[in-house]
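**Q** Task: produce atomic coordinates for the following.
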Amino acid sequence: MSEPQPPGAGRDLYRDTWVRYLGYTNEVGEAFRSLVPAAVVWLSYGVASSYVLADAIDKGKKAGEVPSPEADRSTRVTVAVVDTFVWQALASVAIPGFTINRVCAASLYVLGTATRWPLAIRKWTTTTLGLLAIPIIIHPIDRSVDFLLDSSLRKLYPSVGKPSSS
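**A** You can find the predicted model right below:
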């Protein structure tokens, strides 16, 4: 029988708790872009980018806690930070933010040309469509970024530092 683990042991704060949702704030900001000042949208990117940076630092610290020779440790920490930062920056901020921005811009344009709805209704409809698109785009983007990194950056890592998964 294995020893019972303390509550929260093995849980990743940045991926297994509510903190993960901070990575989606820029998508929410993009969905609301037509209704809020630009500063609010930029603030949402600041929150999401802070999440990305915090997760990368956390993964580097965890990689550094694994006992090993100093040279292997340094490589493992570097790979963990770089891999996490690049993956999160693409999968949590850049690609989803662009995608929701384009979904909302296109829907606002189409609603403006295809309907006679008042501007406020078109903006709220656009925001709703943007919010509804978020859960639909997440997994395809995550898998695409996995494929992209597996096909490029991760081929450069030495075997000692390869991350186990995203």
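**Q** Every contact and neighbour count from this point should use C-alpha atoms.
**A** Noted.
**Q** the longest helix in this protein is where?
**A** helix 119-151 (DSSP state H).
**Q** by contact count, what packs against that helix?
**A** helix 25-31, helix 70-88, helix 95-114 (3 or more Cα pairs under 8 Å, 6 or more residues apart in numbering; DSSP states H and E).
**Q** Buried ones in the last one, by neighbour count?
**A** Which is helix 95-114. By neighbour count on 16 or more other Cα atoms under 10 Å, the buried set for helix 95-114 is Ile95, Pro96, Gly97, Thr99, Ile100, Asn101, Val103, Cys104, Ala105, Ser107, Leu108, Leu111.
**Q** got the angle for it vs helix 119-151?
**A** Interaxial angle of helix 95-114 relative to helix 119-151 (axes from the mean of the first three to the mean of the last three Cα atoms, to 10 degrees): 150 degrees.
**Q** Run through the neighbouring helices and strands of helix 95-114.
**A** helix 25-31, helix 119-151.
**Q** Format the CA atom coordinates belonging to that helix as PDB.
**A** C-alpha atoms of helix 95-114 as PDB (Å, rounded to 0.1, in the frame of the first residue of the first chain):
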ATOM      1  CA  ILE A  95      -3.100  32.200 -30.800                       C
ATOM      2  CA  PRO A  96      -6.300  32.200 -28.800                       C
ATOM      3  CA  GLY A  97      -6.200  36.000 -28.500                       C
ATOM      4  CA  PHE A  98      -5.800  36.400 -32.300                       C
ATOM      5  CA  THR A  99      -8.500  33.800 -32.900                       C
ATOM      6  CA  ILE A 100     -11.100  35.400 -30.700                       C
ATOM      7  CA  ASN A 101     -10.200  38.900 -32.000                       C
ATOM      8  CA  ARG A 102     -10.900  37.700 -35.600                       C
ATOM      9  CA  VAL A 103     -14.100  35.800 -34.700                       C
ATOM     10  CA  CYS A 104     -15.400  38.900 -33.000                       C
ATOM     11  CA  ALA A 105     -14.300  41.300 -35.800                       C
ATOM     12  CA  ALA A 106     -15.800  39.100 -38.400                       C
ATOM     13  CA  SER A 107     -19.100  38.600 -36.600                       C
ATOM     14  CA  LEU A 108     -19.400  42.400 -36.000                       C
ATOM     15  CA  TYR A 109     -18.800  43.000 -39.700                       C
ATOM     16  CA  VAL A 110     -21.300  40.300 -40.800                       C
ATOM     17  CA  LEU A 111     -23.900  41.500 -38.300                       C
ATOM     18  CA  GLY A 112     -23.400  45.100 -39.600                       C
ATOM     19  CA  THR A 113     -23.900  44.100 -43.200                       C
ATOM     20  CA  ALA A 114     -26.500  41.400 -42.800                       C
END
